[in-house]
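Undergrad: I would like the atomic coordinates for the input below:
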Amino acid sequence: MKRVFDTCSSLIVLVIGLPIFVLIALAIVIDSRGGIFFRQIRVGKNEQEFGLFKFRTMKPDSEALGQITVGGRDPRVTRVGYWLRRFKFDEFPQLINILIGDMSIVGPRPEVPKYVKLYTTEQKKVLSVRPGLTDYASLEYINENELLEKSSNPNETYINEIMPAKLKLNLKYIDENSLWVDFKLIFMTIAKLFKN
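TA: Numbering: from 1, shown residues only. Below you'll find the predicted structure:
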């Protein structure tokens, strides 16, 4: 049932949102050199790696300088990228990941391999379900980069404080997993985006 909901919902949003996606693509191309999409390796269900799609919001080769975005004005982020990130429009291409079965609409956010290697046995339970666009942790840490901006060592803060807290919320989602919880989280996410 969940897979049917994911497939139908993502397809509908992709079709309805196509004109907006075309405008975003044009804005990215005009604003800075580089491709329209950014593809990053993430770890999904059963520890299978996949390429997660996003609209490109950073200058080319920025990932080589670190995989964590720090602050609202990270110098690697383009002008258009700043607005895409602010309103989470950069996440829309992940609907393609949902369509092909890498992700669900609701589920723990997929992490990069570098950080998954640090998971404890308990934390690895988050890899027993398909990752998603949103869940409790996504809502709680919607402004994560602003928290990291205040840290003298963002990477350590992420590993020692933010990542464990997010994984705890991921496990809460898995324990409560149901279609009703998914609908609740979808509406909470939409409300939070409009509030921001």
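
Undergrad: now do the SS call for residue 52.
TA: strand (DSSP: H, G, I helix; E, B strand; the rest coil).

Undergrad: what's around it, how many residues?
TA: 23 (other C-beta atoms under 10 Å). Glycine gets a C-beta too; all of them are placed from N, C-alpha and C.

Undergrad: ok, what's across the strand from it?
TA: Note on residue 52: beta-bridge partners residue 40, judged by DSSP bridges.

Undergrad: I figured it was touching residue 42, is that so?
TA: Yes. With contact defined as C-beta atoms under 8 Å, residue 52 counts as touching residue 42 (4.4 Å).

Undergrad: now do the shared contacts for the two.
TA: Counting by C-beta atoms under 8 Å, 6 or more residues apart in numbering, the contacts common to residue 52 and residue 42 are residue 110.

Undergrad: how about the strands in the chain?
TA: 37-43, 49-55, 104-106, 132-134 (DSSP state E).

Undergrad: residue 157 is nearest to which of those?
TA: Closest to residue 157 of these, according to C-beta to C-beta: strand 37-43, at 20.8 Å.

Undergrad: what residues sit buried inside the closest one?
TA: Neighbour counts over strand 37-43 (16 or more other C-beta atoms under 10 Å) mark 38, 42-43 as buried.

Undergrad: tabulate the residues you listed (CSV), appending distance to residue 117.
TA: Converted to CSV, the buried residues of strand 37-43 look like this (distance: C-beta to C-beta, whole Å):
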residue, distance to residue 117
38, 22
42, 13
43, 9
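
Undergrad: residue 6 versus residue 39, what's the distance?
TA: 20 Å (C-beta to C-beta, to the nearest Å).

Undergrad: got it, and residue 120?
TA: From residue 120 to residue 6 the distance is 29 Å (C-beta to C-beta).
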